[in-house]
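Colleague: Need coordinates for the following:
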Amino acid sequence: MAAQSGDQKAFAELVRRWHKRFAAHAWRLLGDDEATSDVVQSGWLEIARGLSRLQDERAFPAWAYRIMSRGCARHIANLQGRRELDRAISAEPEPDAIEPDFEKRDEAQRLHAAIRCLPPPQRAAVALFHFEDLSIAEIAVALDVPAGTIKTRLLHARRRLRVVLEGEDDA
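Modeller: The predicted structure follows:
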């Protein structure tokens, strides 16, 4: 509330608390450090301009994620096409070989690699639900799609991840 009133220290505290999360979210969607930095910086400017109009401070996370998501969508739309984004994601280096003592770490790396292979809409839904602990409704607001669409994206993403990680196909 103090940040809404123009308190610069309160706004700096908001940035301190949320910047890393927003940057991680943007990176998951974009897969590019420079683009992530640009989108997050623009997102913070938009947040600063619109914060006074936010009516319920509890809605801040979903509202701010929506701003960041829209910024990512604008960035992607400005690219030459989805193929470049897919190539950038698939060009990410594979993790180095891991010793057998680190089985859990290996599983986590396999999971994150599998998530990176999901289509961007599914990847965003999975990341916001499982990594950022947002509800279906909050994700729907953040990504500007109906809640049913989020549920469908999560369902399909889980199926794809199960196939990749366990080699099982329910269909």
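
Colleague: who are the neighbours in contact with the spatially most central residue of the chain?
Modeller: The residue lying closest to the centre of the chain (CA atoms, centre = their mean) is H25, at 2.9 Å. Neighbour list for H25: Y65, M68, S69, A124, A127, L128, E132 [criterion: CB atoms under 8 Å, 6 or more residues apart in numbering]. The way it works is simple: take the backbone N, C-alpha and C, and place the C-beta from them, glycine included.

Colleague: if I read this right, the first one contacts A24, doesn't it?
Modeller: This points to Y65. No. When contacts are counted by CB atoms under 8 Å, Y65 is not listed as touching A24 (11.0 Å).

Colleague: With neighbour numbers in mind, choose between those two.
Modeller: When Y65 and A24 are compared for neighbours, Y65 comes out ahead with 25 against 15, by other CB atoms under 10 Å.

Colleague: that older thread, of all the contacts of H25, which comes closest to R49?
Modeller: M68 (14.3 Å; CB to CB).

Colleague: any idea what sits nearest that closest one, other than its immediate chain neighbours?
Modeller: In space, and not counting its chain neighbours, M68 is closest to G43: 4.5 Å by CB to CB, 6 or more residues apart in numbering.

Colleague: same thing with E138?
Modeller: A62 (4.0 Å).

Colleague: mind checking which helix or strand the one you found is in?
Modeller: Assigned by DSSP states H and E, A62 falls within helix 60-78.

Colleague: I'd like the mean pLDDT over that helix, please.
Modeller: Throughout helix 60-78, pLDDT has a mean value of 88.

Colleague: What distance do you get for the residue nearest to M68 to D56?
Modeller: Separation of G43 from D56 (CB to CB, to the nearest Å): 20 Å.

Colleague: if we can go back for a sec, compare the contacts of H25 and tell me which has the most neighbours.
Modeller: Top of the contacts of H25 by neighbour count (other CB under 10 Å): L128, with 27 neighbours.

Colleague: follow-up on the earlier one: between G43 and D56, which one's more packed in?
Modeller: Ranked by neighbour count (other CB under 10 Å), G43 and D56 place G43 first, with 24 against 7.
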